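> Could you work out the structure for the sequence below:
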Amino acid sequence: MKHQTILLWFRRDLRLHDHEPLFRAWDQGADILPVYVIDPREFGETPFGFAKTGPFRARFLKESLLNLQARLRARGSDLIVLAGQPETLLPDLARQTGATAIFAHKEVTSEETHVEAALEQALFAQGIGLELFWGSTLYHLNDLPMPVQSLPEIFTQFRKQVEKMAGVRPVFETPGQLSLPPAVPAGLTPEAWGLEGEAPDARAVLPFAGGEEAGLARLQDYLWEGDHLRRYKETRNGLLGADYSSKFSAWLALGCLSPRQIYAEVKRYEQLRVKNASTYWLIFELIWRDYFRFVAKKHGNRLFFPGGLKGDSARGRQDDRLFRAWQQGQTGIPFVDANMRELWETGFMSNRGRQNVASFLVRDLGLDWRLGAEWFESQLVDYDVCSNWGNWNYVAGIGNDPRENRYFNVVSQGKRYDPKGDYLRHWLPELAALPAAGIHEPYAEQRRQLAAAGVHLGGNYPHPVVSMDRRRSRA
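Here you go, the predicted structure:
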């Protein structure tokens, strides 16, 4: 059906490139009113009392909205930002502007789909259509070689099937000039958005500026200017610096970058520069991201249940003292503490760090895995609901993982991936004087040995909250 005026509802898709709802509205020559709704429910508290959207992601969101607004204005359009519940505000806005349809991207988890259902019901009463498009994954939902309800429970099986039998669709054209409807209601000014954020610590791997422009610039810099992709598989487990990994995740999470755009650039890079294990591995990681989103669509709210996808009745305990030690990087286990302080100060942590601190919370401290998942939800600048909760299910042994008792020895992992202790010194200044041989295990015996040699720990670095020797033997 052709519409004269369409409301374009931006959600976690804050870009103009490869944006099917925008392209479809533009392609039919409609007047388009882009709108974003700041939903206060996304800024409430998690069940354990953390802010659902912490300061780093709030800042990134504000920057992304400002950039989207600027890019729309450059095309003769605008972005109207409102605050409230979309299912109430959008029908009113459609009525004011004479819009006969709302176009948007489809989400998969319950909080978002409940909003979609409520909005559709409200619009139906007014005779206004809601068209939702699938656009958050590399592989389109309709192109999977199996129905979602038959999705394999093991990633490798899924990956092999999609690589063999599915293709990646080309990116949608980015529209040129856009036309607004005759009457455009005033939205909120940026000062009234209420998105007060926080700049990361100067020690952060990247400043993570929000927006499509910054995301595309990062893609250009990582692949073409820095030529880092050719070594991605060798460097991806790094800990320090901007370029040990792509860092695309923050822009992917808010849709400032499309996974298909990344894929297209990787394929072009393979043609013009090099095709190797590293170029494949970046695509491999995008397929992992797809998988968690399809898993969430298949299993629904089981992803958030105490027993996870497997419905396991066993779950960890809740101990406020131990959790706060983990949360604030005060466990006395340097590799854990350095990663948790990086998260606390910057809203980011490497993939290697995330696996280790999650394993430590669940396996070594024996705490409820949902505490960690909710803290990550609050703190991460690149929080993605499906990837975050899917990965925590995975680490806790209640998700898509054939190895139920997956365990990371955080001391040996630290020694392996930070052998000289450079990362530890970067985030734990109280350990800066320690040599590489002692920095990963500055416990009682080592303290005595170091004191005898005239080396002393600075500050008050805590004693381990759990005996790692005992945990090693149990593991």
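
> Let me know the pLDDT of residue 401.
pLDDT, residue 401: 71.

> List the residues that contact it.
residue 394 (Cβ atoms under 8 Å, 6 or more residues apart in numbering). For glycine as for every other residue, the C-beta is placed from the backbone atoms N, C-alpha and C.

> Kindly provide the distance from it to residue 316.
According to Cβ to Cβ, to the nearest Å, residue 401 and residue 316 sit 17 Å apart.

> and if you look at residue 167?
Taken as Cβ to Cβ, the spacing of residue 167 relative to residue 316 amounts to 42 Å.

> which of the two has more neighbours?
More neighbours surround residue 316 than the other of residue 167 and residue 316, with 18 against 10 (other Cβ atoms under 10 Å).

> give the contact list for the more buried one.
362, 365-369.

> of the residues you listed, closest to residue 329?
Checking the contacts of residue 316 against residue 329 by Cβ to Cβ gives residue 365 as the nearest, at 13.6 Å.

> What's the local residue count around the closest one?
23.

> got the contact list for it?
By Cβ under 8 Å, 6+ apart, the contact list for residue 365 reads 316, 319, 322-323, 326, 465-466.

> Kindly report the same for residue 143.
Residue 143 neighbours (Cβ under 8 Å, 6+ apart): 166-167, 169.

> again with residue 64
Contacts of residue 64 by Cβ under 8 Å, 6+ apart are 14, 210-212, 254, 256.

> rerun that using 7 Å as the cut-off
Applying Cβ atoms under 7 Å, 6 or more residues apart in numbering to residue 64 gives the contacts 14, 210-211, 254, 256.

> And those, which of them are buried?
When the contacts of residue 64 are checked for burial by 16 or more other Cβ atoms under 10 Å, the buried set is 14, 210-211, 254, 256.

> Out of those, the closest to residue 410 would be?
residue 254 (30.5 Å).

> If you tally nearby residues, what's the number for the closest residue to residue 348 other than its chain neighbours?
Nearest non-adjacent residue to residue 348, counting by Cβ to Cβ, 6 or more residues apart in numbering: residue 381, 5.6 Å away. The number of residues packed near residue 381 is 27, by other Cβ under 10 Å.

> Check the gap between residue 381 and residue 464 for me.
29 Å.

> And the helix or strand encompassing residue 60, what's buried?
For residue 60, the host element (DSSP states H and E) is helix 55-73. Neighbour counts over helix 55-73 (16+ other Cβ under 10 Å) mark 55-69, 71-72 as buried.

> do stretch 150-159 as well
Neighbour counts over stretch 150-159 (16+ other Cβ under 10 Å) mark 151-152, 155, 158-159 as buried.

> Throw these into a markdown table and include pLDDT, distance to residue 281 and secondary structure, thanks.
Shown next, in a markdown table, are these (pLDDT from 0 to 100; distance: Cβ to Cβ, whole Å; DSSP: H, G, I helix; E, B strand; the rest coil):
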| residue | pLDDT | distance to residue 281 | secondary structure |
| --- | --- | --- | --- |
| 151 | 98 | 23 | coil |
| 152 | 97 | 21 | coil |
| 155 | 96 | 14 | helix |
| 158 | 97 | 17 | helix |
| 159 | 98 | 12 | helix |
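
> And the contacts of residue 316, which of them are buried?
Looks like the contacts of residue 316 have 362, 365, 367-369 buried, using 16+ other Cβ under 10 Å.

> Nearest to residue 203, out of the residues you listed: which one, please.
Nearest to residue 203 among the buried ones among the contacts of residue 316, with distances taken as Cβ to Cβ, is residue 365, at 25.9 Å.

> give me phi/psi at the closest one?
Residue 365 adopts backbone torsions of phi -90, psi -20, taken as degrees, to the nearest 10.

> Please name the bridge partners of residue 83.
residue 38 (DSSP bridges).

> Any stretches of the chain with poor pLDDT?
314, 402-405, 444-445, 447-448, 456-459, 469-475 (pLDDT under 70).

> 80 - rerun?
Scanning the chain with the threshold set as pLDDT under 80 gives 1, 313-315, 401-406, 444-459, 468-475.

> and it, what are its domains?
1-133, 137-169+211-299, 310-474 (automatic domain parsing).

> Span of the shortest one from start to end?
So the one you mean is domain 137-169+211-299. Distance across domain 137-169+211-299, first residue to last, is 17 Å (Cα to Cα, to the nearest Å).

> And the first one, by the same measure?
Taking Cα to Cα, the first and last residues of domain 1-133 lie 15 Å apart.

> Can you tell me the closest non-neighbouring residue to residue 76?
residue 177 (5.2 Å).

> So what's the residue count around the one you found?
9.

> Please give the element, helix or strand, for it.
Using DSSP H and E, no helix or strand contains residue 177.

> Distance-wise, check it relative to residue 279.
Distance of residue 177 to residue 279, computed by Cβ to Cβ: 36 Å.

> Show residues contacting the lengthiest helix in the chain.
The longest helix of the chain (DSSP state H) is helix 277-299. Residues outside helix 277-299 that contact it (Cβ under 7 Å, 6+ apart): 108-109, 136-139, 148-149, 151, 155, 158-159, 162, 229-233, 246, 259, 262-263, 266, 269-270, 303, 309, 386-387, 390, 400.

> And residue 211, how far from residue 100?
Taking Cβ to Cβ, one finds residue 211 at 31 Å from residue 100.

> swap in residue 307?
In terms of Cβ to Cβ, residue 307 sits 45 Å off from residue 100.

> for residue 374, same thing?
40 Å.

> Residue 348 now?
Counting by Cβ to Cβ - residue 348 and residue 100 are separated by 43 Å.

> Compare these two (neighbour count), which wins?
residue 348 (22 against 19).

> thought that one was touching residue 376?
No. Between residue 348 and residue 376 there is no contact under Cβ atoms under 7 Å: 10.9 Å.

> Please identify the helix or strand for the closest residue to residue 71 other than its chain neighbours.
Nearest residue to residue 71, sequence neighbours excluded (Cβ to Cβ, 6+ apart): residue 16, at 5.7 Å. Under the criterion DSSP H and E, no helix or strand holds residue 16.

> Just to be sure, residue 131 is in a helix?
No. The assignment for residue 131 is strand, going by DSSP: H, G, I helix; E, B strand; the rest coil, so no helix is present there.

> Now it. Nearest residue, chain neighbours left out?
Per Cβ to Cβ, 6+ apart, closest to residue 131 is residue 103, 5.1 Å.

> cool, residue 56 as well?
In this structure, residue 56 finds its nearest non-sequential neighbour in residue 347, 2.8 Å apart by Cβ to Cβ, 6+ apart.

> try residue 367
Nearest residue to residue 367, sequence neighbours excluded (Cβ to Cβ, 6+ apart): residue 316, at 4.6 Å.
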